[in-house]
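Engineer: Fold the following, please.
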Amino acid sequence: MRILTLLAVMATPAHAWEFSPTPICTLTHSEGAVDVAVTYDHATALYAISVTGPDGWPAAQAFSIRFDGPRPNTISTTRHVVDGQTLTVTDQGFGNVLDGLEFNSTATAFTQTAVVQVSLDGAQAPVQAFRACVTAPIA
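Structural biologist: The predicted model follows:
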């Protein structure tokens, strides 16, 4: 019975936050049917966050992301783009987003008619690696 339980746990996909420095600085997380990607491109000096939800993102005037935990914060924008199931925000500064990801326990992305939530467990070290990548251009 223990072996069956172990095999079932091993077959369950990991929901880890991951960092990659190539081809651009990228922080990713998948949890259930939700995918989150944060990128920084040294060539354009632009950050982006993309959130793919299971039901997509209906047209909305504003997009917000709320961070709950020791350093709660809510960030809102009207400069978002929806492409299929993915909502993306691009900007030149992402300090508040990175702080939210690094120092809190959950992130809730939402519009007036859609919402997805992800755990930030295990995000701290990958966010720190992402920050280091952002400050040191990849050759």
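Engineer: What segments of this structure are strands?
Structural biologist: Applying DSSP state E to the chain gives strands spanning 17-20, 25-31, 34-41, 46-52, 63-68, 73-77, 80-83, 86-91, 106-110, 115-119.
Engineer: So for C133, which of these sits nearest?
Structural biologist: C133 lies closest to strand 25-31 among the strands of the chain, at 3.8 Å (Cβ to Cβ). All C-beta atoms are positioned from the backbone trio N, CA, C, and that covers glycine.
Engineer: Which strand residues bridge the residue most central in space within the chain?
Structural biologist: Centrality entry for the chain: nearest residue to the mean C-alpha point is V36, 3.7 Å, by Cα atoms, centre = their mean. Beta bridges link V36 to H29, V51 when assigned by DSSP bridges.
Engineer: which residues does it contact?
Structural biologist: 28-30, 49-52, 107, 109, 118 (Cβ atoms under 8 Å, 6 or more residues apart in numbering).
Engineer: Output these as CSV; include the columns pLDDT.
Structural biologist: CSV is the format used below for the contacts of V36 (pLDDT from 0 to 100):
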residue, pLDDT
T28, 98
H29, 98
S30, 97
I49, 98
S50, 98
V51, 98
T52, 97
A107, 98
A109, 98
V118, 97
